[in-house]
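Trainee: Just need the structure, nothing else, for what follows:
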Amino acid sequence: MSEQLEFLEDIHNFLYSGGDVLWLILGVAIILWCLIIERLLFFKQLYPKIRTQCFENWDQREDKNSTYALFIRKAMISEVIIQMRKGVPLIKVLIALCPMLGLLGTVLGMIHVFDVMSVTGNGNARAMASGISKATITTMAGMVIAISGLYFSKLIEERVSDESHHLADLLKYR
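Mentor: Just a heads-up that it's a prediction; the model follows:
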């Protein structure tokens, strides 16, 4: 039990050392990962049902070779693609936002360093350490979240592409 409390205290100290911007990065990271997990769960649980229903609707059609049938097929595929891509643009925006927030933390940390230098009048390393720490921690946090988010964003986009091609193959147009 004490190890868990110590772990939570370490996290709190880490967030405190990064300043207000690190708390903002944490909020963005939580939203980002909720969206990523939602998309992964969509493909695991909901999409197979949608694909089956789409195939059954197409299979029940008698007319599968007219121009009108082609438009219906394209519309069905487009609707499913829209459902698959739901939330992906927001994921990309949050990924792009993380390094920018890290840079904001860097600038604020460096302002703190320069403020300490102006007050003390010299380059006291101990006095500047908290500002430098704030600058590097926020940069690191923004980059780590962005890089890991990029991996999963690309994974989701590839899944959308693969599943849309698979659905197009499944709904045969004669």
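Trainee: what packs against the longest helix seen in the chain?
Mentor: Secondary structure of the chain per DSSP state H: the longest helix is helix 125-170. With contacts defined as 3 or more CB pairs under 8 Å, 6 or more residues apart in numbering; DSSP states H and E, helix 125-170 has these neighbours: helix 2-18, helix 20-41, helix 47-60, helix 67-85, helix 88-120. For the C-beta atoms, the positions are set from N, CA and C on the backbone; glycine is no exception.
Trainee: orientation of that helix relative to helix 67-85 in degrees?
Mentor: The directions of helix 125-170 and helix 67-85 differ by 160 degrees, with axes from the mean of the first three to the mean of the last three CA atoms, to 10 degrees as the criterion.
Trainee: Can you say which of the helices and strands packed on helix 125-170 is nearest to L155?
Mentor: Judged by CB to CB, the one of the helices and strands packed on helix 125-170 that comes nearest to L155 is helix 20-41, at 8.2 Å.
Trainee: Averaged pLDDT, that closest one. What do you get?
Mentor: Mean per-residue pLDDT for helix 20-41: 95.
Trainee: any idea how far I30 lies from F14?
Mentor: Per CB to CB, to the nearest Å, I30 is found 15 Å from F14.
Trainee: Looking at these two, which has the bigger crowd around it?
Mentor: Shown here are I30 and F14; by other CB atoms under 10 Å, F14 has more neighbours (13 against 10).
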